[in-house]
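In: what's the 3D shape of this:
(chains A and B)
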2 protein chains.
Amino acid sequence: PDLEAGSAAEVRQRELLKPPGALGRLEEIAVWLATWQGRAHPRIERPHVAVFAGSHGVASRGVSAYPPEVTQQMVGAFVNGLAAVNQLAAETDADLRVYEMALELPTGDITQGPAMGEEDTAHAMAYGMMAIEEGLDVVALGEMGIGNTTAAAALACGLFGGAAEDWVGPGTGLDAQGERRKVEAVSKALQANAGALSDPLTALAALGGRELAAIAGAVLACRIARVPVLLDGYACSVAAAVLHKADPRALDHCLVAHCSAEPGHARLLQLLDKRPLLDFAMRLGEGSGAALAVPLLKAACAVHNGMATFAEAGVSGRAQ
Amino acid sequence: PDLEAGSAAEVRQRELLKPPGALGRLEEIAVWLATWQGRAHPRIERPHVAVFAGSHGVASRGVSAYPPEVTQQMVGAFVNGLAAVNQLAAETDADLRVYEMALELPTGDITQGPAMGEEDTAHAMAYGMMAIEEGLDVVALGEMGIGNTTAAAALACGLFGGAAEDWVGPGTGLDAQGERRKVEAVSKALQANAGALSDPLTALAALGGRELAAIAGAVLACRIARVPVLLDGYACSVAAAVLHKADPRALDHCLVAHCSAEPGHARLLQLLDKRPLLDFAMRLGEGSGAALAVPLLKAACAVHNGMATFAEAGVSGRAQ
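Out: Numbering: from 1, shown residues only, chains lettered A, B, ... in the order given. Reported below is the predicted structural model:
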């Protein structure tokens, strides 16, 4: 983090034509962007949305309201500009890239054993890292993968403890019976992978998935490349939480774009000490919430860079 | 409201390429815009930000951290493009208009008697109504007026009851002593105008101000012209609440853009049964929060109009 750029941004915020602090979170965002972009005048001219897609062995266990082939079909929809994230990215002039990760080869069924081996995990993380270039103004991360809220719930439970029920929700829209199946799958997965939970990265391999590993890699690469990150919903935040578990400061360059309707997300955000920017009861994934929040970052830059100071505007200061 | 257009928008939302409801509040916004714009495909191509400025006799009572002349100076800043709302409006391609309301002639000091007479109030409301044209896609409303959170607190207390303390906050940044002065001013204002509180419009005249009356007028005109409204923070919402007090459905065409850091705002929103779109701890006024929320409405339109349906995309539906 460039604390000097952050301090310069803070000083500027105090001089701008408004009572100090009156722009609330917009001020915090501007200072945060300055700190991580390493410039006192942050900007969001090249927003980037990266969506990673993976397929999950556990999807065959009836843990999703949609069949496993939807993952591949949705990647087709992303490529053809048909999905929600396409519209949201276009609306904010963001570059959208979709990364398809061996969809024809689902990960291992976590109810029976590990999702991935060490090499597969490392490869997926490296793939995510390579998606990041230096000089990006912000990266909004998202995922697609039928079954991945089951993997995310198991991974969150493995990392942070609690009961399976605490981390399981309806996902794409399970009924009560489906949710019970999902709780059972998560419980079984934690038993089947009990030996892998002491280390965050081992837990990621055992319970995660390729798109989740890629997101963890991308978050890591953004830290190195000084690129601020917008995290999307539940699965995306759980992937990033792997790094937080290893180092509580590992997500300081990340903002959580929104709080998902998936109930585990609010619980997770509390553990990560992250306040989401939006609370829109969204639960779509595919980076939709992260893309939706980009205009808020742009707005923070616009006021930070474009407003006059009291002195420039010739406006009187405080009376007291 | 055009319930047919709203229903058509709801049907479309259920067919789009996402689990039903998965876009949460974005779906609600699209349907709400369809209902009030009267078209199944709502759009925000001509967003409009209207800021009304008024001056307040009570400002001479030490109830603001800034001197009264700042109102006029800030209007100059708006005209010259120097303030926060200018940057936020420009960022979302909104047309910004500032309406200056007899700033050289402050309203009556509400601690001594009524702020405005009947004629002055009617004139201010009409002025606000005339700011609205048919065919606008959305109007974001805001205000500027040193002393107007004191007027707003008195008006809210007069309309909805409670103690003065419940409705008074630091405004632009009062210290504890200043806040005590403000509570005292509000209490005195309620005593001095006790006879005027039985009718919402009479209360507006007695305790409000010209910019607050203009906002009430603009909200009314938007209802007639089928223009959806984004309300800004505390003072703006109190002005609109006058209409709610007269008719609880009067603000159905309004969304509250954000929850202000001014503590009375959350209390008011609960009484109005309004969920704000953003919670950014902003407390600047001048329409800044309302302008900030415009991109969220644009995003709702973009997904509503641009996404494919499941059938169009050839993606499988629910498994169950």
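
In: give me the residues contacting stretch A:164-179.
Out: For stretch A:164-179, contacts defined as C-beta atoms under 8 Å, 6 or more residues apart in numbering or on different chains pick out A:62-66, A:146, A:149-150, A:152-154, A:156-157, A:181-184, A:186-187, A:190, A:234, A:261-264, A:267, A:283, B:19-22, B:318, B:320. For every residue, glycine as well, the C-beta is placed using N, CA and C.

In: same check, this time on stretch A:108-117
Out: Taking C-beta under 8 Å, 6+ apart as the rule, stretch A:108-117 contacts A:56-58, A:60-61, A:107, A:124, A:150-151, A:154, A:185, A:188-189, A:192-193, A:196, A:205-210, A:213.

In: separate out the buried members of the residues you listed.
Out: The neighbour-count test (16 or more other C-beta atoms under 10 Å in any protein chain shown) marks A:56-58, A:61, A:107, A:124, A:150-151, A:154, A:185, A:188-189, A:192-193, A:196, A:205-210, A:213 as buried among the contacts of stretch A:108-117.

In: inside helices: which ones of the contacts of stretch A:108-117?
Out: Of the positions in the contacts of stretch A:108-117, A:124, A:150-151, A:154, A:185, A:188-189, A:192, A:205-207, A:210, A:213 sit in helices, assigned by DSSP state H.

In: and the closest residue to A:R226 other than its chain neighbours, how far from A:L277?
Out: Counting by C-beta to C-beta, 6 or more residues apart in numbering or on different chains, A:R226 lies nearest to A:G38, which is 5.5 Å off, once chain neighbours are set aside. Using C-beta to C-beta, to the nearest Å, we find A:G38 at a distance of 22 Å from A:L277.

In: those two - which one has more neighbours?
Out: Shown here are A:G38 and A:L277; by other C-beta atoms under 10 Å in any protein chain shown, A:L277 has more neighbours (23 against 15).

In: quick check: that one touching A:A299?
Out: No - counting by C-beta atoms under 8 Å, A:L277 stays clear of A:A299, with 11.0 Å between them.

In: state the mean pLDDT of the top helix by length along chain A.
Out: In terms of residue count, the longest helix belonging to chain A (DSSP H) is helix A:288-306. Averaged across helix A:288-306, the pLDDT comes to 98.

In: how about that helix: buried residues?
Out: Neighbour-count burial for helix A:288-306, counted by 16+ other C-beta under 10 Å, picks out A:288-304, A:306.

In: again, but for stretch A:251-270
Out: Buried residues in stretch A:251-270, counted by 16+ other C-beta under 10 Å: A:251, A:253-265, A:267-269.

In: filter those residues down to just the ones in strands.
Out: If you go by DSSP state E, these have A:C254, A:L255, A:V256 in strands.

In: once you drop chain neighbours, what's closest to the first one?
Out: Nearest-residue entry for A:C254: A:V229, 4.2 Å, with adjacent residues in sequence omitted and distances by C-beta to C-beta, 6+ apart.

In: the second one now?
Out: Closest residue to A:L255 apart from its sequence neighbours, by C-beta to C-beta, 6+ apart: A:L230 at 5.7 Å.

In: and that neighbour, backbone torsions?
Out: Dihedral pair for A:L230: phi -110, psi 120, per degrees, to the nearest 10.

In: interface residues of the stretch 201-320 of chain A facing chain B?
Out: Residues of the stretch 201-320 of chain A lying near chain B by C-beta under 8 Å from any C-beta of the partner chain: A:261, A:278-284, A:288, A:292, A:295-296, A:298-299, A:302-303, A:305-308, A:312-320.

In: one more pass at 7 Å, please.
Out: Within the stretch 201-320 of chain A, the residues that sit near chain B (C-beta under 7 Å from any C-beta of the partner chain) are A:261, A:280-284, A:292, A:295, A:298-299, A:302-303, A:306-308, A:312-316, A:318-320.

In: so how many other residues sit close to A:G117?
Out: Neighbours of A:G117 under the rule other C-beta under 10 Å: 13.

In: no no, A:E134
Out: Counted with other C-beta under 10 Å, the neighbours of A:E134 add up to 10.

In: ok, A:G57 touching A:P106?
Out: Yes - A:G57 is within contact range of A:P106, at 4.5 Å (criterion: C-beta atoms under 7 Å).

In: what sits closest to A:S55 if chain neighbours are left out?
Out: A:P106 (4.3 Å).

In: any idea how far that neighbour is from A:L174?
Out: From A:P106 over to A:L174 (counting by C-beta to C-beta), the distance is 19 Å.

In: cool, A:L271 as well?
Out: To A:L174, A:L271 is 24 Å away according to C-beta to C-beta.

In: what is the rounded mean pLDDT of stretch A:166-182?
Out: Across stretch A:166-182, pLDDT averages out at 96.

In: in chain A, which residue is most central in space?
Out: Closest residue to the average C-alpha location of chain A: A:L231 at 2.3 Å, with C-alpha atoms, centre = their mean.

In: who's it bridged to?
Out: Beta bridges link A:L231 to A:V256 when assigned by DSSP bridges.

In: many thanks, I have nothing further to ask.
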